[in-house]
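[1] Sequence and predicted structure below; questions after.
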Amino acid sequence: MHALVERLYPLCRSITGDGVRATLEIVGEHLELDVHEVPTGTQVLDWTIPKEWNIRDAYIKDRAGNRVVDFQRSNLHVVGYSVPVSATMTLAELRPHLHTLPAQPGLVPYRTSYYAETWGFCLSQDTLDGMDEGPYEVVIDSTLADGHLTYAEHVVPGRTDDEVLISCHVCHPSLANDNLAGIAVATALAGRLKEPRFTYRFLFAPGTIGAITWLARNRERTGRVRHGLTLACAGDAGALTYKRSRRGDAPIDRAMALVLRDRPHTVVDFSPYGYDERQFCSPGFNLPVGSLTRTPYAGYPEYHTSGDDVGFVSPRAMADTLEALWAAVEVLEHDGRYENLSPYGEPQLGRRGLYGSLGGRSDTKQAQMAMLWVLNLSDGEHSLMDVTGRSGLPFRAVAEAAAALEGAGLLKRVGEGA
Amino acid sequence: MHALVERLYPLCRSITGDGVRATLEIVGEHLELDVHEVPTGTQVLDWTIPKEWNIRDAYIKDRAGNRVVDFQRSNLHVVGYSVPVSATMTLAELRPHLHTLPAQPGLVPYRTSYYAETWGFCLSQDTLDGMDEGPYEVVIDSTLADGHLTYAEHVVPGRTDDEVLISCHVCHPSLANDNLAGIAVATALAGRLKEPRFTYRFLFAPGTIGAITWLARNRERTGRVRHGLTLACAGDAGALTYKRSRRGDAPIDRAMALVLRDRPHTVVDFSPYGYDERQFCSPGFNLPVGSLTRTPYAGYPEYHTSGDDVGFVSPRAMADTLEALWAAVEVLEHDGRYENLSPYGEPQLGRRGLYGSLGGRSDTKQAQMAMLWVLNLSDGEHSLMDVTGRSGLPFRAVAEAAAALEGAGLLKRVGEGA
Amino acid sequence: MHALVERLYPLCRSITGDGVRATLEIVGEHLELDVHEVPTGTQVLDWTIPKEWNIRDAYIKDRAGNRVVDFQRSNLHVVGYSVPVSATMTLAELRPHLHTLPAQPGLVPYRTSYYAETWGFCLSQDTLDGMDEGPYEVVIDSTLADGHLTYAEHVVPGRTDDEVLISCHVCHPSLANDNLAGIAVATALAGRLKEPRFTYRFLFAPGTIGAITWLARNRERTGRVRHGLTLACAGDAGALTYKRSRRGDAPIDRAMALVLRDRPHTVVDFSPYGYDERQFCSPGFNLPVGSLTRTPYAGYPEYHTSGDDVGFVSPRAMADTLEALWAAVEVLEHDGRYENLSPYGEPQLGRRGLYGSLGGRSDTKQAQMAMLWVLNLSDGEHSLMDVTGRSGLPFRAVAEAAAALEGAGLLKRVGEGA
């Protein structure tokens, strides 16, 4: 996963343009992608697809001809969606177009201006402090013109049409944790899924306008989304953070709580700020989509700065995020409600070979406890997630107990998925 | 407000009599009052209006002719509703009629006997300790005769007939915090209200029997009481205390919780002891009436003693109580449920001038957060109080966001008050 | 109670056999018992009554003829339900049949093998360590043959057919806390009940198979079980532990919470492991049966070892368990819902002699507070348990207030039991 992050890192992504296309091409080497191009001016929900932005070069050159600020060194140096500029101006004239982080003087901020036509440069405060009054040659060699918005889907077909939606934004330029790590983990998860119960839809789309575009073009399909996650900031050193869906008690919310129960983690309530869960959880859709990150949105000093580079994300952290995701998939795949077919008293597990025969010992095996819990709560009302929550046992032990009891004819699956 | 407390302090109030009338006359200089006189013997719910009590003088004079205990120095010295007495008696004979606070030897207690005809004096333990065996001249120049119970109402008419009831008891003699401070704060609040949405009814009535009398005479009207508060102990140095209505989750309970969220405070559950919330929250009425105090009922050593004097209450504390009340009024006035008219995805706030245009920054303004929260939760089910509770934002920011969004055609008020 | 424990201690009980019969005979000296004998092979729910096991003697004799392990010294030395053996074997041959507790080298474990025919000895690790290679004379003089399972009931008839079920297991041999203390406390409680409201059924039955047998033979009757408790580990030095019924909020769960509120205690949620609550709370029956112990199932080092002897249980602890049980009985007997017949405002308690007449005092008596609480919450929805929970007052004070108010015509019992 880290190699993929390194490869994607230099590309200059935005909400439209060739950087997104190049990114999807590289992801497409790992997954079969269905790439969509939506023309500028298309109405999507309350929004309109903007012009497509592309950039070849940009710099601020001093009188000696040195590039003081240079897009070739980092694409963060240009405000996203900057209109073309070619001018000579003094520092005083340039100043309103320069963005720095005075409190983090060594870092370059990340700024965009998608919907107000302007231009600007981002640079470190240290660089700015070293600049004299100029004049400077100021060039942004960009185009802002009719074109397309690009996004992609990868679908792993399941035994049912009910879908799990995994979404990650692909619009940030050279920022590794936000969101190349998310793209890499989603790609790895997609590669792991084999003949699942649910259909898994992976969405690689620019933030906000991309999610809105997908929602506008898939309004019918949203009714099939049974569970969903936005995936971002998946590779930093912090603990996992799960942000609940707007519903707060959707199965994905409960599944993630069980998965994170035995790991260092934070769970926070939904708020309408952050990543594309904002769109999926808008009240008209109200999809059961939560958000999985490590350190959450805007929660670390390197967030949206040049400090979020490839060294900021680690293979170990991404692997940990992937394992948690995989555990969540296991819960979603195997959860279900059962009915105990021998509900009056405990059935005699011993004569069915499901129980140790020597009594009197005060310890008992996890597998036996899991069977007792599943039998006790399988009244058609409780799911395996409920059993897991009340018993404190691992979900896997509970699911295995249910399978063993079903095999012994003591349990029958009921309700959805039966 | 403190000047009003000082002016009311010397009057000898009780549940009936001229002290109450004089008190209402002074409050009437600030507010237009509707004063009611209810004759002795009138049946009010399970109770009967008692005889009217008035007192001119009372003392215990020693052999040298000195007033050892003197009603003229403090009206607390006489047990409220004492029948007339004129006798000479030894200390031993007098003793059963004397009330002191041995644990607070310098303070005079406050005692009454409304419904059992008796007489008595209250004095400090120090005074009692200095008294010899007598004999003493004992005089209480009072009358207990058919008359009236007096209470008053002040109404600020609103745009609806739905009422907010603010009640404070006016039966306590020279006790400043309990309840001259409450009277003063209620009076100030009434003066501040200008063309409110709700009709505000201020009730100045003697405790228990006064509230019962009002309820008996306004049974129909109680159905209009949408929110209510009893106001007492409004001027001491302690933090604000809100006692929930019997319902526990009435809008007034939620409004007060939001108002107090960012102030030092205590919230306690309803109990059937305290002030007139006891009557308003009796199960037959079960009105949504909570109780606002600073240090609660019986919660400070000076409670119901001569220590609760004008120095015990401060202008600053009363102003703080008033501001909290005002904040609660703002919540009640502006709360409501809305429907997001663009509920699929977020509407594009930027092109409506409601959103900053420069992206990428990790901070965002409170006003923008408030708009996102209001849009997200405005599904017709959630009120602005809900939004305030879930977002952690100030109610005012939430209400202003709702107004801005309504102005932009993105929001429509629904349900009651629409 | 301790004398009963001492008398029952030496008997070799199991899930069937003469040890159970002898135990019930001794209990029968205190209570009139209805003893049931159910033949081997009878189908009971998912189970079958096993063969009856009886034992006369067992030992491991060394070459010198000394009984190294001797059933006559402690019946724990033989694995319960051991088939007969008479053989000479080396220690190596004997080893698979020996059970010790290496971590508690001085204690003899308790082991059984009811449903797999085998044999074995339990001994201390210390004893095992002192044994040479043998050979040994190994004798178990037992019989495992068609017979009966024995259990007993004692019923205290109430004014209604609704039942309270108190169950304790009688299958453990020389283990005092588990469960001779439970048997003794149940016996004492039964002796105390005089003309109760509910019918109390005490069940003395072997664990698991006994409860299953009773349930199989009383399926109809289970519908009458309104409240129930399994009683075990009732005499150790630990604090009381209540384990909720599967329902979690059954009246017995609430009653026990109120009873334990002012005592050192632990309350734990239901789990399908422990004593016969497992069977009563199986999903088909789902009876409102909790479990009362001191230190819970498997919660002390002496559990299921020779350390659980008569010295391990104390008269004081058993008396404390009995008092808690008795308090729970009082709650169940006297709980009910009432309707305030004067619900508009407070009724004037003073003229009915139910209230102190001198006002102004900041303290008030528990009895008066209890009356105010009962009046306030008696809307037909709240029970006396609710009043007790919300007021923090003792249940007895609340019940007495209800009785006084009912006597004064202010309250009427409603709903069940009215």
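    On my side now, so go ahead. Numbering: from 1, shown residues only, chains lettered A, B, ... in the order given.
[2] Run through the helices of the stretch 51-200 of chain A in chain order.
    For the stretch 51-200 of chain A, the helices defined by DSSP state H, counting those that start in this stretch occupy A:91-94, A:125-129, A:181-192.
[3] which one of those helices is the most hemmed in?
    Each of the helices of the stretch 51-200 of chain A was scored by mean neighbour count; the highest is helix A:181-192, a mean of 24, by mean count of other Cβ atoms under 10 Å in any protein chain shown. C-beta here means a position set from N, CA and C on the backbone, and glycine is covered the same way.
[4] burial measure for residue A:223, as a count.
    Using other Cβ atoms under 10 Å in any protein chain shown, residue A:223 is surrounded by 12 other residues.
[5] Quick one: residues contacting it.
    Residue A:223 is in contact with no residue at all, counting by Cβ atoms under 8 Å, 6 or more residues apart in numbering or on different chains.
[6] tell me the SS of it?
    Assigned by DSSP: H, G, I helix; E, B strand; the rest coil, the conformation of residue A:223 is helix.
[7] Distance of residue A:90 relative to residue A:136?
    Using Cβ to Cβ, to the nearest Å, residue A:90 is found at 8 Å from residue A:136.
[8] Check residue A:58 too.
    Here the distance between residue A:58 and residue A:136 works out to 13 Å (Cβ to Cβ).
[9] between these two, which one's more packed in?
    Neighbours were counted for residue A:58 and for residue A:136 using other Cβ under 10 Å; residue A:58 has more, 25 against 22.
[10] if I pick that one, what's in contact with it?
    Counting by Cβ under 8 Å, 6+ apart, residue A:58 makes contact with A:70-71, A:77-78, A:82, A:121, A:139-142.
[11] Might you specify the subset of the residues you listed located within strands?
    In strands, defined here by DSSP state E, the members of the contacts of residue A:58 are A:70, A:121, A:139-142.
[12] got a markdown table for those, with neighbour count, pLDDT and distance to chain C too?
    Shown next, in a markdown table, are those (neighbours: other Cβ atoms under 10 Å in any protein chain shown; pLDDT from 0 to 100; distance: Cβ to the nearest Cβ, whole Å):
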| residue | neighbour count | pLDDT | distance to chain C |
| --- | --- | --- | --- |
| A:70 | 17 | 98 | 64 |
| A:121 | 28 | 98 | 61 |
| A:139 | 18 | 98 | 69 |
| A:140 | 24 | 98 | 64 |
| A:141 | 15 | 98 | 67 |
| A:142 | 22 | 98 | 63 |
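[13] what two of those residues are the furthest from one another?
    Longest distance between any two of these is 14.8 Å, between A:70 and A:142; criterion Cβ to Cβ.
[14] In contact with the closest residue to residue A:409 other than its chain neighbours, which residues?
    Spatial nearest neighbour of residue A:409, chain neighbours left out: residue A:341 (6.8 Å); criterion: Cβ to Cβ, 6 or more residues apart in numbering or on different chains. Contacts for residue A:341 (Cβ under 8 Å, 6+ apart) come out as A:409-412.
[15] From those, list just the buried residues.
    A:410-411 (16 or more other Cβ atoms under 10 Å in any protein chain shown).
[16] quick one: which of the contacts of residue A:341 sit in strands?
    A:411-412.
[17] Pipe the contacts of residue A:341 into a markdown table and attach pLDDT per row.
    Putting the contacts of residue A:341 into a markdown table (pLDDT from 0 to 100) gives the following:
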| residue | pLDDT |
| --- | --- |
| A:409 | 96 |
| A:410 | 97 |
| A:411 | 97 |
| A:412 | 97 |
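[18] which of the contacts of residue A:341 lies closest to residue C:205?
    Out of the contacts of residue A:341, the member with the shortest distance to residue C:205 (by Cβ to Cβ) is residue A:410, at 24.4 Å.
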